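In: pasted the sequence and its predicted model underneath.
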Amino acid sequence: MSAPALVVATGNRGKLREIQTILGDLRVVWRTLAEHPGVALPEEGDDYTANAKAKALAAARGSGELAIADDSGLEVDGLSGRPGPHSARYGGPCLDDAGRVAHLLEEMRGLTGEARRARFVCVAALATPEGQVASAEGRCEGRILEAPRGEGGFGYDPVFWSAELEQPMAELPEATKNRISHRAHAFAALRPRLEAALRER
């Protein structure tokens, strides 16, 4: 029997690679949005769960296949939880990862101690073409460094210090990051629902 298809609803290559690695032992045929050019993901709002569910549902209905998505962000205590769900667009749409990191550090200039506490938050979602949706949340606690460190990861990883491992996220081996990250925790929590849905295909 052929393996069921699973669409990953993201245009972010780093995120796509992480999700496929985290769920790499699943018996599925991986599909990307590039294989479904007719799928248009909705505009993102201020809520991780609503964003993740909307993306997964759009991909599932548009492709006719099971789809997963996530919405994630960085929350900094000294910035009242910003950038949060707007992390991917923080500072404006023209900035790349390095530009967003620089913008964040500029906003945090002068913040010390508890004000630099932060966390990555991720909500992972699964949707069926019939409209059933499930989600789960994961978190990774830490703090924001004064300057970037490390060459790995993507996004805000170079300035995020993992409280669990006491290392910068961008200096962690990929396998380690994919074990302790907010995305890893979210998809681990979603996995039972995902496996059940795959068995029904």
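Out: Yep, it's here. Numbering: from 1, shown residues only.

In: the protein: strands as residue ranges?
Out: Using DSSP state E, the strands of the chain run over 5-8, 29-32, 66-76, 83-84, 117-127, 133-144, 160-162, 167-168.

In: what packs against the third one?
Out: Just to be clear, that refers to strand 66-76. Helices and strands touching strand 66-76, as assessed by 3 or more CB pairs under 8 Å, 6 or more residues apart in numbering; DSSP states H and E, comprise strand 5-8, helix 13-22, helix 48-63, strand 83-84, strand 117-127, helix 182-199. Backbone N, C-alpha and C define where each C-beta goes, glycine included.

In: ranking these by burial, who's on top?
Out: Counting by mean count of other CB atoms under 10 Å, strand 117-127 has the highest mean neighbour count of the helices and strands packed on strand 66-76, with a mean of 25.

In: tilt between that one and strand 133-144?
Out: Inter-element angle recorded for strand 117-127 and strand 133-144: 160 degrees (by axes from the mean of the first three to the mean of the last three CA atoms, to 10 degrees).

In: so how far is strand 117-127 from its chain's centroid?
Out: Its chain's average C-alpha position is 6 Å from that of strand 117-127, according to CA atoms, centre = their mean, to the nearest Å.

In: just to revisit the earlier point, how about the strands of the chain, which one is nearest residue 42?
Out: Evaluated with CB to CB, the strands of the chain place strand 66-76 nearest to residue 42, the distance being 10.4 Å.

In: average model confidence for the closest one?
Out: Confidence over strand 66-76 (mean pLDDT, whole number) is 97.

In: what's the angle from it to helix 182-199?
Out: Here strand 66-76 runs at an angle of 160 degrees relative to helix 182-199 (the same axes, to 10 degrees).

In: that's all I had, so thanks and see you.
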